[in-house]
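Enquirer: What follows is a protein structure lacking sequence information:
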C-alpha cells in the first residue's frame, strides 16, 4: 500500500491528503435540512448529513488527490450511526481509487492492539469465515505503550500489505509537554522517531517503509531533524493551513526526490466555502470551493520544490 | 461519578472491576452456536455471541462488583456490529447499577479530543437536540499529546459529572521503552503522574478527584511512588491475574483508608471456566465460574488490608 500511495502521489503530482473531518457546522444548511427531513434531528440524521457532505467533496476532488484521511473521532461523536458513516466513507473513497488513511490514533497493550489492528487493517476470524471490520489502508497509531503495542499493527500490515503512521511529534500547542522532554540527550520525539525507523526497516516497500510517522507542520525545525533521522519513513504532516503551518515550513519534511511526506489539510479544504477567498462559490457549491482549495494547496506545496 | 464509584466500592467491599474484554474464543460453544444459528458466521453473529456472553457474566456478578471495564478494541474488531454490542453492554451494565469504565484509550489534538469526549462521556448537538453516543461513566485517555488533548475530556467530565483515567504507567512488558525514560531527573511516567495530579486538583469529588490514572499491577515499585505523588487520584490497576500481578503487589496502590485504587481482572474472571481451578463448573456454567472467580479475587485483594 505504501507503493500505491507513492505512485498515486507521483501520478497526481500531489503530496497531499484531504482530511475528511466533518464537523456538523461545516455541513451546508441544505444538506443538513435534507438529512433531518429524512431522519429527524437524530444521530442518524447527523450521520447522513456528514456522509452526504463527504460524498460531494470526494466526488469533486478524487481525481486530484492520492489519499483521504477521515478522522474517526468526528464520526464516533455521533455514536453508532456516525461510525456507519465512517465505514461508508472508507468504502466510497476506496471505490474511487483513493488511499484511505484512518486517523484512529489507537494503541494499547499487545493483545488489545492486535484487536484494533485486526478491526481496522486486517480480518477477524468468525468461525470458519473472516471479515474486515473497517478496512482502512493505513491507520495512525499512538506509541506511548511501546513496541508491544505497535508490533501487532505491523504484523497485520505485513499480512495485508497495508501501513501505519506512528505519532512522533503532533501538531497541537501542548504536544511538547511530554514529546519534547529531553531523554538520554535528545527529545523524546527523536527517540520515538528512532524506534519508528527501526520498526520500519523490516517493512520496506520499493523505496519507503510502510511504517510511517506523524510530524506536525507546526514544528518545521523538528521536521528537519526527524527527516534526516528517518530517511525511509513516510511522514504524514498535519497542521498545514488552519493550524498555522505554511508551505515554506514544509520543505524540510521532504527528501531530495520530492517524496517522503504527505501533507494533510482538513478544514482548509472541506470547509473552504466558509473562507472569504472562496465565498464566490456560495454555500450551495461548497464542493467546487473544496476543489479549488485542493488545486491551490497543490500549487502552494509544489511551489517549494 | 467518582463519588458513586467510591461509595459502591465501599458498599460492596470490593475495590475491583471486571474487564469485559470478550475474545470470541472465550465464548462457550453453546453460545457461539446459538448466535451463528441466528446470524450465520458473520460479524453480526460474533457480536451477538459476545453480547450474550457479557450479559450472562453481568447477571452472575453485578451484585458483587462496583464496576465493569469493557475494552472497546474487543468490540471494534468486529466492526459496526461489534460496536453495537459494546453499546448494548454499556446500557445493560448501567441498568444493573454498575459504573461503566470505557477502556477506549483515546487521545488526540484539542478539537478532536473534544469529539471523542462528547461521543463517549458527553452529548453531541444535532440541530436543536442533543444525544449521548456511547455514554460511558468513565473513559481511559492517552496523554501522549499533552494537556490540550486531555482537557477537552475534563471539560466534558465537569459538565456531566463523569471521570477519566489517564494512562501513566501501563502493564505491558515494553511500557518502559518510553514511559520509564528519565526526564528532568525522574521517569516520564512520574512527570505524567504529576500532570494528572495537577489536572485533578480542580476536579474534586468528596475525597478523590474524578481525574484518575492507570498504573499497571505489574510494576508495584512504581505504583508506590505514584501513590505518594498523587494522593487524591484514583488508580485503575490493570494486570492482576493473567498478566502476572498478585495481591501482595497491590498494597502500594492503595491509601491508608483502603481506597484510592480499583483493580481490574478481565480474562481471570470472564474466562475463569477455562482454568483448572474452576473446571468443576463446566463450559455450560461459565457464568457461575466467573462469579466464584469474582468472590476469590475480592477475598484475595481484601486480604492485603
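Expert: Received the coordinates, thanks. Since the structure is predicted, the reported quantities are computational estimates derived from the model, not experimental observations.
Enquirer: Might you report the residue contacts of residue A:97?
Expert: A:8, A:62 (C-beta atoms under 8 Å, 6 or more residues apart in numbering or on different chains). (Glycine included, C-beta is placed from N, CA and C.)
Enquirer: Go over the secondary structure and confirm it is in a helix.
Expert: No. Counting by DSSP: H, G, I helix; E, B strand; the rest coil, residue A:97 is not found in a helix; it is coil.
Enquirer: Which parts of chain A are strands?
Expert: A:16-18, A:67-68, A:99-106, A:124-126, A:129-131, A:138-141, A:163-169, A:182-183, A:186-187, A:209-215, A:233-237, A:261-265 (DSSP state E).
Enquirer: could I get those strands as JSON lines with mean neighbour count, mean pLDDT and distance to residue A:250?
Expert: As requested, the strands of chain A are exported to JSON lines (neighbours: other C-beta atoms under 10 Å in any protein chain shown; pLDDT from 0 to 100; distance: least, C-beta to C-beta, whole Å):
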{"stretch": "strand A:16-18", "mean neighbour count": "27", "mean pLDDT": "98", "distance to residue A:250": "10"}
{"stretch": "strand A:67-68", "mean neighbour count": "26", "mean pLDDT": "98", "distance to residue A:250": "16"}
{"stretch": "strand A:99-106", "mean neighbour count": "27", "mean pLDDT": "98", "distance to residue A:250": "18"}
{"stretch": "strand A:124-126", "mean neighbour count": "19", "mean pLDDT": "98", "distance to residue A:250": "38"}
{"stretch": "strand A:129-131", "mean neighbour count": "16", "mean pLDDT": "98", "distance to residue A:250": "39"}
{"stretch": "strand A:138-141", "mean neighbour count": "28", "mean pLDDT": "98", "distance to residue A:250": "19"}
{"stretch": "strand A:163-169", "mean neighbour count": "28", "mean pLDDT": "97", "distance to residue A:250": "14"}
{"stretch": "strand A:182-183", "mean neighbour count": "17", "mean pLDDT": "94", "distance to residue A:250": "26"}
{"stretch": "strand A:186-187", "mean neighbour count": "16", "mean pLDDT": "96", "distance to residue A:250": "20"}
{"stretch": "strand A:209-215", "mean neighbour count": "28", "mean pLDDT": "97", "distance to residue A:250": "11"}
{"stretch": "strand A:233-237", "mean neighbour count": "28", "mean pLDDT": "98", "distance to residue A:250": "7"}
{"stretch": "strand A:261-265", "mean neighbour count": "27", "mean pLDDT": "97", "distance to residue A:250": "6"}
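Enquirer: who's the closest residue in space to residue A:136 that isn't next to it in sequence bridged to?
Expert: Nearest residue to residue A:136, sequence neighbours excluded (C-beta to C-beta, 6 or more residues apart in numbering or on different chains): residue A:102, at 3.3 Å. Bridge pairing for residue A:102 (DSSP bridges) gives the partners residue A:139.
Enquirer: looking at chain A, which helix or strand does the model trust least?
Expert: Least confident helix or strand of chain A, by mean pLDDT, DSSP states H and E, is helix A:247-250 with a mean of 89.
Enquirer: Quick check: residue A:151 touching residue A:203?
Expert: No. Counting by C-beta atoms under 8 Å, residue A:151 sits too far from residue A:203 to count as a contact (10.7 Å).
Enquirer: where are the low-confidence patches of the stretch 151-300 of chain A?
Expert: For the stretch 151-300 of chain A, no stretch has pLDDT under 70.
Enquirer: give the contact list for residue A:47.
Expert: Here residue A:47 is in contact with A:75, A:78, A:81, A:82, A:84, A:85 (C-beta under 8 Å, 6+ apart).
Enquirer: swap in residue A:177?
Expert: Contacts were defined as C-beta under 8 Å, 6+ apart; by that measure residue A:177 touches B:146, B:147, B:195.
Enquirer: Please list which of these are also close to chain A.
Expert: B:146, B:147, B:195 (C-beta under 8 Å from any C-beta of the partner chain).
Enquirer: check contacts around the spatially most central residue of chain A.
Expert: The centre of chain A sits closest to residue A:69, judged by C-alpha atoms, centre = their mean, with a distance of 3.3 Å. Applying C-beta under 8 Å, 6+ apart to residue A:69 gives the contacts A:17, A:18, A:19, A:20, A:100, A:101, A:102, A:103, A:236, A:264, A:266.
Enquirer: Name the nearest residue to it, ignoring sequence neighbours.
Expert: Nearest to residue A:69 is residue A:101, by C-beta to C-beta, 6+ apart, at 4.3 Å.
Enquirer: How about residue A:288?
Expert: residue A:281 (5.1 Å).
Enquirer: count of neighbours near the closest residue to residue A:26 other than its chain neighbours?
Expert: With C-beta to C-beta, 6+ apart as the criterion, residue A:26 has its nearest non-adjacent residue at 4.3 Å, and that residue is residue A:271. Counted with other C-beta atoms under 10 Å in any protein chain shown, the neighbours of residue A:271 add up to 24.
Enquirer: show me what contacts residue A:181?
Expert: Residue A:181 neighbours (C-beta under 8 Å, 6+ apart): A:187, A:188, B:183, B:184, B:188, B:191.
Enquirer: And the pLDDT for the residue of the stretch 101-250 of chain A found nearest chain B?
Expert: Nearest to chain B, among the residues of the stretch 101-250 of chain A, is residue A:133, at 3.0 Å (C-beta to the nearest C-beta). pLDDT recorded at residue A:133 is 98.
Enquirer: residues contacting it?
Expert: Per C-beta under 8 Å, 6+ apart, neighbours of residue A:133: A:118, A:119, A:120, A:124, B:43, B:76, B:77, B:78, B:79, B:80, B:82.
Enquirer: dump the residue contacts of the last one.
Expert: I take that to be residue B:82. With contact set as C-beta under 8 Å, 6+ apart, residue B:82 has these partners: A:119, A:133, B:43, B:46, B:47, B:50, B:74, B:75, B:76.
Enquirer: Contacts only, for the nearest residue to it once chain neighbours are set aside.
Expert: Closest residue in space to residue B:82, ignoring its immediate chain neighbours: residue B:75 at 4.1 Å, by C-beta to C-beta, 6+ apart. Contacts were defined as C-beta under 8 Å, 6+ apart; by that measure residue B:75 touches B:47, B:50, B:82, B:83, B:85, B:86, B:89.
Enquirer: Tell me the most packed of these, by neighbour count.
Expert: The residue in the contacts of residue B:75 with the most neighbours, by other C-beta under 10 Å, is residue B:50 (30 neighbours).
Enquirer: so what's it up against?
Expert: Counting by C-beta under 8 Å, 6+ apart, residue B:50 touches B:22, B:24, B:27, B:74, B:75, B:78, B:82, B:85.
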